[in-house]
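S.K.: Build the 3D model from these lines:
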Amino acid sequence: MLDYKLLAALAAVIEQGGFERAANTLGLSQSAVSQRVKLLEARIGQPVLVRATPPAPTEIGRRLLNHVQQVRLLERDLTRQVPALDDAVPERLRLAINADSLATWWPSAVSGFCTHQNVLLELVVEDQEVGLKRMRAGEVAGCVCAAERPVAGANSVALGAMSYLAVASPAFMTRYFAGGISTDVLPQAPAIVFGADDQLQHRYLATLNITGSFAYHLCPSSEGFVRLLESGLGWGMVPELQVRDELAQGKLVELITGHVIHVPLYWHYWRNGGRLLAGLTQHLRHEAQAALVPL
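M.R.: So this is what the prediction gives:
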């Protein structure tokens, strides 16, 4: 039989990114957390952690983390059905979300659900192209990402697509594109890229038959990204939802009017995640219909 105190220690180490933070979360000493993980490994007969910075789960560790996530959600269902077990403590739901969704449609989509269901969110921000790795590692109970195919033991549902526009400030357009957009000039005009996993600018250039390297700044903040665009530092791909006001006010303009990149978004959740995840899934599908472009 599995000892869930040992599993909780493993989950805390991965979710908190280290033994010290895990100890603070569990109210234990760092040595006690380490001993619990070692005892789990002794009982399993193989390592469950790669001792790196931050620690990473092994293959068996990922399976155990997936199990822990689902057990937590099923326990919540049980406490709702057996009032004597309900301690009224809010459930903490750990989810992976892409930064652009977090900056646009996500907050209004989930606020009512969390209030009604007494849920606290712990959000892990990842690019939409790689968010599924958090599900695969067993670190989160659900995620919003661009990948359609779910990991083993999970389901995915289509939410819709986000429409991205290539925009820049009027001053930037005058400085670099006074003679119009050309395949020679565009790679030389500095772009703004969210991070190493952000391929939107690359995709946009590829639609114009522009390949190879291009100049760019890195800015891992959705809000800061837009502010840098407004300042005239570069051009970049942003959700149309996020810059409607800026476009209407003339603070930003499209590089090529009507040239849109659509990025599909899918909601992934554990198949045995209980009523909470099932309810959140139904809620997100409804809310996304109003905010995203149908697939």
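S.K.: Next one: Leu280 from Pro54, what distance?
M.R.: Look at Leu280 and Pro54: by Cβ to Cβ, to the nearest Å, they are 27 Å apart. Every C-beta, even on glycine, is put in place using the N, C-alpha and C of the backbone.
S.K.: swap in Asp3?
M.R.: Counting by Cβ to Cβ - Asp3 and Pro54 are separated by 24 Å.
S.K.: quick one, which of Leu280 and Pro54 is more surrounded?
M.R.: Legend: neighbour count by other Cβ atoms under 10 Å for Leu280 and Pro54, higher for Leu280 (23 against 11).
S.K.: excluding its backbone neighbours, what's nearest the more buried one?
M.R.: Phe113 (6.1 Å; Cβ to Cβ, 6 or more residues apart in numbering).
S.K.: separation between that neighbour and Glu20?
M.R.: 33 Å.
S.K.: cool, and Gln117?
M.R.: 32 Å.
S.K.: If you count surrounding residues, which of the two has more?
M.R.: Gln117 (18 against 13).
S.K.: you'd agree that one is up against Gly279?
M.R.: Yes: judged on Cβ atoms under 8 Å, Gln117 makes contact with Gly279 at a distance of 6.9 Å.
S.K.: which residues of the chain score low on pLDDT?
M.R.: 76-77, 79-89, 129 (pLDDT under 70).
S.K.: list the buried ones in stretch 95-104?
M.R.: By 16 or more other Cβ atoms under 10 Å, the buried positions in stretch 95-104 come out as Leu95, Ala96, Ile97, Asn98, Ala99, Asp100, Ser101, Ala103, Thr104.
S.K.: Quote the end-to-end distance of it.
M.R.: Criterion Cα to Cα, to the nearest Å; first-to-last residue distance in stretch 95-104 is 17 Å.
S.K.: what do you get for stretch 115-127?
M.R.: 27 Å.
S.K.: Would you check the distance separating it from the middle of the chain?
M.R.: Computed by Cα atoms, centre = their mean, to the nearest Å, the chain-centroid distance of stretch 115-127 equals 11 Å.
S.K.: and for that stretch, what are the contacting residues?
M.R.: Residues outside stretch 115-127 that contact it (Cβ atoms under 8 Å, 6 or more residues apart in numbering): 15, 88, 90-99, 102, 110, 113-114, 133-134, 139-140, 143, 145, 194-195, 197-198, 276, 279-280.
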